[in-house]
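Asks: Sequence plus predicted model, see below.
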Protein chains: 4
Amino acid sequence: MIIAMKHGVAREEALHFAESLEKQGVKVNFSEGATRTVLGLVGDTTAIDQEALQASRLVEKVIRVQEPYKRANRMFHPDGTKIVLLPANGKKAKIGGGTFAVIAGPCSVESREQIISIAEEVKKAGGAFLRGGAFKPRTSPYSFQGLGCEGLDLILEAKKETGLPIVTELMEISQLELFEEVDVIQVGARNMQNFNLLKELGRCRKPILLKRGMASTMTELLMAAEYIMSGGNERVILCERGIRAFDSFTRNVLDLALIPALKKKTHLPVIVDPSHATGIAWMVPAMSKAAIAAGADGIIVEVHNDPEHALCDGEQSITPDSFAELMSVLRKYAELEGKTI
Amino acid sequence: MIIAMKHGVAREEALHFAESLEKQGVKVNFSEGATRTVLGLVGDTTAIDQEALQASRLVEKVIRVQEPYKRANRMFHPDGTKIVLLPANGKKAKIGGGTFAVIAGPCSVESREQIISIAEEVKKAGGAFLRGGAFKPRTSPYSFQGLGCEGLDLILEAKKETGLPIVTELMEISQLELFEEVDVIQVGARNMQNFNLLKELGRCRKPILLKRGMASTMTELLMAAEYIMSGGNERVILCERGIRAFDSFTRNVLDLALIPALKKKTHLPVIVDPSHATGIAWMVPAMSKAAIAAGADGIIVEVHNDPEHALCDGEQSITPDSFAELMSVLRKYAELEGKTI
Amino acid sequence: MIIAMKHGVAREEALHFAESLEKQGVKVNFSEGATRTVLGLVGDTTAIDQEALQASRLVEKVIRVQEPYKRANRMFHPDGTKIVLLPANGKKAKIGGGTFAVIAGPCSVESREQIISIAEEVKKAGGAFLRGGAFKPRTSPYSFQGLGCEGLDLILEAKKETGLPIVTELMEISQLELFEEVDVIQVGARNMQNFNLLKELGRCRKPILLKRGMASTMTELLMAAEYIMSGGNERVILCERGIRAFDSFTRNVLDLALIPALKKKTHLPVIVDPSHATGIAWMVPAMSKAAIAAGADGIIVEVHNDPEHALCDGEQSITPDSFAELMSVLRKYAELEGKTI
Amino acid sequence: MIIAMKHGVAREEALHFAESLEKQGVKVNFSEGATRTVLGLVGDTTAIDQEALQASRLVEKVIRVQEPYKRANRMFHPDGTKIVLLPANGKKAKIGGGTFAVIAGPCSVESREQIISIAEEVKKAGGAFLRGGAFKPRTSPYSFQGLGCEGLDLILEAKKETGLPIVTELMEISQLELFEEVDVIQVGARNMQNFNLLKELGRCRKPILLKRGMASTMTELLMAAEYIMSGGNERVILCERGIRAFDSFTRNVLDLALIPALKKKTHLPVIVDPSHATGIAWMVPAMSKAAIAAGADGIIVEVHNDPEHALCDGEQSITPDSFAELMSVLRKYAELEGKTI
C-alpha cells in the first residue's frame, strides 16, 4: 500500500501518522520528496482499511498494490485448485485442473418426471453435474418460487437414479441442514454479498459455487470467496453470469475477459453461465464455445425438455437435443485447450 | 399486458394460446391484424410470467403495460403513506406526508461515549432519528464487522438517553429477535433482493427502511417492497443511495430523478442517502439540498464526531458542526417545498 | 505522479528508468523500500503518458496525483470564470459568477412562427438565452434532421426580435462560418470527443457550451474542455446532461454530484440539462430545482408551444406556461443560493 | 409498431390519432379492447418517430416490433455480406463469407522502420490487413496525436512493400481526400455517432470499418451503419471493441454476445478488437480465441515490435512473436468454425 501525503503536511505530523500505521502491524517506508511525502507500507496490509486512511485530512491518495485477498490469491497458491467430488453412489466428478466441467439441468425442479428425464438426458450427453433449483430467488413475490423441500427431494432422487452429483442453490442459512446430500451448494448472484451466509458456508465442508453479483467487481467477487475461505472452506468455484449494463439485447453482458483475469489472480476454478448471461437459448452454444476458448473450467447451462412450458426462465433453456449437440462441439474445443470433458 | 404474436402464426394456434392464458385468470382481447395477431390481456396480470410467455415460439414480443406491483402502486393507493413512530419514551417521529425526516448518526456504533455524544448532537441540531450500525456488511472479512449485539445495546442506550427513535441494519433473519426495541429496521443495498429476508420482514410490524440495490432498477426496488408488503407489513420507506456506474469521482452515482419517478409510481415515502451515494463528506450538503429540492421525504446522513478515526466510512461522514449547519440550511429548503423538518 | 516499480527490479534498471523519465522534463524522487522502489515525479506531468508507463515490464502501478488538465484546473485559477455576452442588439447575459443562467427553447427550430413565439415566451418568463437546433444529430438517418441553414436564419431572426442571445449546436467544422452571429456554440454529447472539432473551436472566440458525453468521466469532460482551452478559447461552459446506465425509467441518469465535483476541480461554469437527462417533461421542474440546489450555474431546458406535435423530443419539452411557473420557483431557490436569475 | 392508447381515450380521439398516422404512410389496425385501444401499424415504420408518438397525451406505450434499420437488416438481405479487396499491387483480401480476417499492426505509425518492420512480421505470420493510425484520437491534447499526413505516407509505403491492404482511421471529413489509397477507412468509437461524417462516408466507395461507441446499443450501432448505407455505400464492417462499465480490471468490457446477436440481425461482417477492449496485452490471445468461437468474422489486433516504447497504447500491444503464435492457434479454431484465415 502506498500513501501519498498532501502537499505541505509537516514532517512531524507525517511521522506521527506513520507511527500509527506501524501500530497496525506493518512496516512503513518513509520517503520525503520535494513536494510531498510518500509512505510505502510493507507487510500484510489486508486488514488495513483503505477508506479510513483516505478519510484523513493528511492524505492525498491511497493506492493498494497488494491484493486485499490472501487465501484466494494465486500469489500464495500458484497451482490451480482442483475440486473432486465422490458422490456415494455416483461417478467421480471434477472441476478445475484440466477438466472442463459441464453442469446442466433445468432452472427449477418442476416434477419427478421432469427432473429425472432431464437428468438422464444430461448424463447421456456427457454432462458431469445436474443442476436444478428447489428454492428460487424470483423478482416478484407473485412468481413461482420453486417447489422448496419437495423439489430438493426430487433432485436428490434424480441423483440416485443417474449417479450425477447435484448443484442447487441455497438461499438462506436455515436451509443448510436440508442440503446434506447436495454435492455443490450454489450461492446466487443476489446473495454474493450476503456476508452472514458466506461466513456460514465457510464452516461447511461442501464445494460452493459462487456466482458473481450483477454489479460486482472482480475484487468484490474474490473478497466474497475470501469470506468463505477464511472460515476454512477452500473449495470455492467462481462463476461469471453476466453483469448489468445499458443495452437490452441480452439480459446481461457476459464479461468473458473476467476469465483470463481471474485465472491470473486466483487459483480457484472459474466457470461461466451462458444461460443467465444472455437469457436467450440460441445464444447459449456460441457463448459456451467462447467460454471454453477464453479459458473457463466449465459451464453451467439450463436444459429443459419443454422450454415453452418451463415454470421459470424457459426463454434461456436449450433442449436436450441442442445440449447433446453442444456437448459434441465442446469436446472439440476442449481438445484444442488441452482439457477433458 | 400486450402480446404481439409472430408473423404467420395460424389462427388456431393463436386461439389455443389465448385460451391457455385465460386459464391463468385474465381476459384476452384477440385482435387479428393484416400481418400479425395481437393479444391484449385484461385483469390482474401481476402473476403472469412475462419471461415464460416470451419463451414461446409463437410470441414475438410481450409488453407489460400494467405495473407488476400492486400494494406499492400509487394507482391503488393515491394518498402518500405517512409513517408515524411513537417510541415509548421518545418524541413522535414521522416520515412522509409533509414531514422531511432527517436520520443521522455514525456509520457504526463504536463505543458508548461515541454513540451517546453523537446522538445528543443529532438531537440538538434537530435530527428526527438516530442511525448507527451494530452489524456491518463489509466487503472484506478482515475489516471491522461492527460491535454486534454490544453495539445494538449501546445504540438502544442512546435512544433511552435522547428519546430519538433508532434506525439500524439487520443482516440476517436470526437477528430479528434482537431488534425488538429498534424503531426502524434497515435493509442494506446488498440485501435488497434477499427474498427470504424480505418475506420475514413482511411478517414483522416495524417500519422497514429498504435501500435500493447498487444495480437495481426502479421496478426491482418496488418489487422488493412488494415482497415485504405482500406479507402484511405496509410500512416501507424506500431509499436511493446511489447506483454503480463507470466513473469513480464519487463512490456511486446518486440517481435523484428516481425521487419524482417513485413519487409518481408509489405511495411509499422516499428518502436519500447522500453519504453512501457520494462517499465524500464535502458533497453531502449539496446533495442533501438537491434531495429535498427533488422531492425527497428525508435523508439519512452519516455524522461522526471524529471522522478521521471512524472505524468505517469516515471519509463520507460529516462532523456534528457541519450537520447543525446543514440542518439550518435544509429548513429553508423545506419551507420552499412546503415541508416541515 | 507516483510509480510503484515491480518487486525485484534491479537498482540499475530502476535508475535507468528514472533517467528516461527525467528526459521528459520532470524531476524524479527515487525511493528504495524494503520490497519495492517507488518513484515520485515532480513538475508538470500533463504530457507524460500514463499508459505508456504502465506498459513497461518494470512497472507495477502508476498513480496520477496531479490532474491531467491545466487550463481548466481551479488550482491554477481559483476564481470562478464568468462569461458575459453583449449581443449587438440585445441585453447583457451572463453565466457563472453568481448568475444562474436559464437557457430555454425548442429542441429544433421548426418554423418562423414557432421559434419567434417561443422566444417571446422565454423572454417574458425571464429566460436569459434562447436555444434551438438547426442541425440536429439524430440516431436514425430517416428522422427529421433539422431545418439546417434555414433553421439558423430563423433562430437569428428570433434573436433580432427578442434581443435574446442564442445557443445552437454545431455538428461539423465546416458549419463554423455559418455561426458568426450565434452567441454560444453548443457541442453535443456525441461530439464531446470529436477532437478535431474541439481544436477548431479552440481557435474561435465564442463561448462554447460543451455537453458531457453519454459515458464520459469527469476527467474526460475536463480534458475535452482542455482541448478547446489549449487552443486559446477559455470561455467554455460545461453541461451535465445525463449518463447512460442500466435502468430505463428515465432516458439517462442525471449525475448531479458532478456539479459540486466540477465546482471543486475547475473554474469553468457548469450547467445542467434536465430535459435530455430525463427525457420526460414532468420531471424537468424537480430536476431543475435539484440542479440549482446542487450548485449549478444554470440550466438548459426544452420549451415547446406544442410538445405533442414537436418534430423531435416532444416528450421532454415543457410548455411555455410550465416554464413561466418553473422560473418563478427557481427565483426562490436562486435566492437561497445567493444567485440572481 | 404497436401503440397502446391510454385508458379512457375516447373512440373519436383514437380514430383521429390513427388517421394522422396513416398520413405518414402506414396502415393502422384499430383494435378496441375492454380497457384500452391498441393500434397496430403495418408497413414501413422506419421513418415514424417513436419518441414523438410517446409524447402524445393519448399514448400509454409505443413498442417497435420491426427494426428501425432496413439496409443493414438481415431480414431483407438473408445472405451475409462478403467484402473483397483487390489492392493494386497486393493480394486479394476478404472479410465475411467464411473468411476470418486478421487485421494487425501498431496503434500508431511512428517511423518508416517501425511500420515496415511490423508490416513484414504481420504478413509473414499470415495477417490479411495492416492497421496503423496516422491521425490519433487522444483523450489529452498534450498526448502524441499521431504523425498525421507523414504517418499516412509511411503506412502507404508499408502497403507497397508488403502488398498488405491497409486499414487506418479517419477523424474528420476534410481528411477524406488524403485517403485515396487507403483500403479500409476506420471510424473510431468516439465518432460512431458523428452523423455528418457517416453521411459523407456513405458517398465514398471504400469499405468502412465502423467501431461501436463506448456506450452504444446494438441498435445504435446498426443505425450508424444505416447512415453510411443509406448514402449508397453498403460495404460496412462492424467492430465490437468493448463497452464502458463499472469495473476497471480491463479498460472496457468486451461484449462478445453482441457477435451472435449481430449475425442474426444483420448481414454485415462483424469483427472484434480484443486490444482496445481489454487494454492488456496478455489477454489478447484468450479474447481472440473467444471472438472466433463466438462467431466473429475477424479481429483487429495491435502488434508492436517494442511495446514498452510505443508512443501510444503499448500496454495492449502484443509482440510479433506472440502474434505469430496467436495466428497458429487461431487457424485451429478457424478450422472448427469452418472458416479460413
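Replies: Yep, that arrived. Keep in mind it's a predicted model, so treat the numbers as computed, not measured.
Asks: Residue A:181: neighbour count?
Replies: 14 (other C-beta atoms under 10 Å in any protein chain shown). C-beta: built from backbone N, CA, C; applies to glycine.
Asks: Any part of the helix or strand harbouring residue A:262 near chain D?
Replies: Assigned by DSSP states H and E, residue A:262 belongs to helix A:258-265. Yes - judged by C-beta under 8 Å from any C-beta of the partner chain, helix A:258-265 comes into contact with chain D through A:258, A:259, A:260, A:261, A:264.
Asks: so which of these comes closest to chain B?
Replies: Distances from chain B to the residues of helix A:258-265 next to chain D, taken as C-beta to the nearest C-beta, are shortest for residue A:258 (15.9 Å).
Asks: residue contacts, that closest one?
Replies: A:212, A:218, A:240, A:270, D:249 (C-beta atoms under 8 Å, 6 or more residues apart in numbering or on different chains).
Asks: In contact with the spatially closest residue to residue A:70 that is not a sequence neighbour, which residues?
Replies: Using C-beta to C-beta, 6 or more residues apart in numbering or on different chains and skipping the chain neighbours, the partner closest in space to residue A:70 is residue A:46 (5.8 Å). Neighbouring residues of residue A:46 by C-beta under 8 Å, 6+ apart: A:66, A:68, A:69, A:70, B:140, B:142.
Asks: backbone phi and psi for residue A:46, please?
Replies: Residue A:46 adopts backbone torsions of phi -60, psi -30, taken as degrees, to the nearest 10.
Asks: Same check on residue A:183?
Replies: Per degrees, to the nearest 10, the backbone of residue A:183 is at phi -90, psi -40.
Asks: My guess is residue A:232 contacts residue A:204. True?
Replies: No - at 9.2 Å, residue A:232 does not count as touching residue A:204 under the criterion of C-beta atoms under 8 Å.
Asks: about what we covered before: gap between the helix holding residue A:262 and the chain center?
Replies: Helix A:258-265 has its C-alpha centroid displaced from the chain centroid by 12 Å (C-alpha atoms, centre = their mean, to the nearest Å).
Asks: what does the helix or strand bottoming out on mean pLDDT in chain A contact?
Replies: When the helices and strands of chain A are scored by mean pLDDT, DSSP states H and E, helix A:50-55 comes last with a mean of 83. With C-beta under 8 Å, 6+ apart as the contact definition, helix A:50-55 has outside contacts at A:1, A:3, A:59, A:61-62, A:64, B:307-315, B:317.
Asks: again, 7 Å this time
Replies: A:3, A:59, A:62, A:64, B:307, B:308, B:310, B:313, B:314, B:315 (C-beta atoms under 7 Å, 6 or more residues apart in numbering or on different chains).
Asks: Let's see that helix as CSV, backbone CA atoms only.
Replies: Output of helix A:50-55 as CSV, limited to C-alpha atoms (Å, rounded to 0.1, in the frame of the first residue of the first chain):
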residue,chain,number,x,y,z
GLN,A,50,-8.1,1.9,2.8
GLU,A,51,-11.2,4.1,3.3
ALA,A,52,-10.3,5.0,6.8
LEU,A,53,-6.9,6.2,5.6
GLN,A,54,-8.4,8.1,2.8
ALA,A,55,-10.6,10.0,5.3
